[in-house]
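Trainee: this one's structure only:
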């Protein structure tokens, strides 16, 4: 049993899993929505929500702005994504206390019948 085991393996080694998660989070922040499998969407959803919350709170408190940007930069590794997260996405959700993303089911993929979803930011 997998009691208290955090995260999903997604059938990859740890390095591949880290790269996949970074890429998916970067693409979601840059494009506002991505089409992926349900397992991958569920795996990155919490990470995206945490980054948006950090960016949102950093806007409110100027003293933590640099620290929050550095944390986001280390997790995203894309300067454009960090800039967009702090300048466009975080202000959109200032009045919202959580639940920044939604998962919409699209059906099954023809090749392997994997469940496809659309992971997107809600209207702030």
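Mentor: Ah, there it is. This one's a predicted model, so the numbers in the text were calculated from it and none came from an experiment. Numbering: from 1, shown residues only.

Trainee: Next, count neighbours for residue 6.
Mentor: 6 (other C-beta atoms under 10 Å). The way it works is simple: take the backbone N, C-alpha and C, and place the C-beta from them, glycine included.

Trainee: Show me what whatever helix or strand residue 117 lives in is packed up against.
Mentor: Assigned by DSSP states H and E, residue 117 belongs to strand 115-121. For strand 115-121, the packing partners by 3 or more C-beta pairs under 8 Å, 6 or more residues apart in numbering; DSSP states H and E come out as helix 14-31, strand 33-37, helix 38-60, strand 101-108.

Trainee: Show me which residues of it are buried.
Mentor: 116, 117, 119, 120, 121 (16 or more other C-beta atoms under 10 Å).

Trainee: ok, those residues vs residue 20, which is closest?
Mentor: Residue 20 lies nearest to residue 119 out of the buried residues of strand 115-121, by C-beta to C-beta, at 13.7 Å.

Trainee: Could you pull up the residues touching the closest one?
Mentor: Shown in contact with residue 119 (C-beta atoms under 8 Å, 6 or more residues apart in numbering): 28, 33, 34, 35, 36, 41, 44, 45, 101, 102, 103.

Trainee: With distance to residue 22 and neighbour count added, can I get those in a markdown table?
Mentor: A markdown table is the format used below for the contacts of residue 119 (distance: C-beta to C-beta, whole Å; neighbours: other C-beta atoms under 10 Å):
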| residue | distance to residue 22 | neighbour count |
| --- | --- | --- |
| 28 | 11 | 24 |
| 33 | 18 | 13 |
| 34 | 13 | 20 |
| 35 | 18 | 13 |
| 36 | 14 | 21 |
| 41 | 15 | 25 |
| 44 | 9 | 22 |
| 45 | 15 | 18 |
| 101 | 17 | 17 |
| 102 | 22 | 15 |
| 103 | 20 | 14 |
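
Trainee: Alright, I will stop here.
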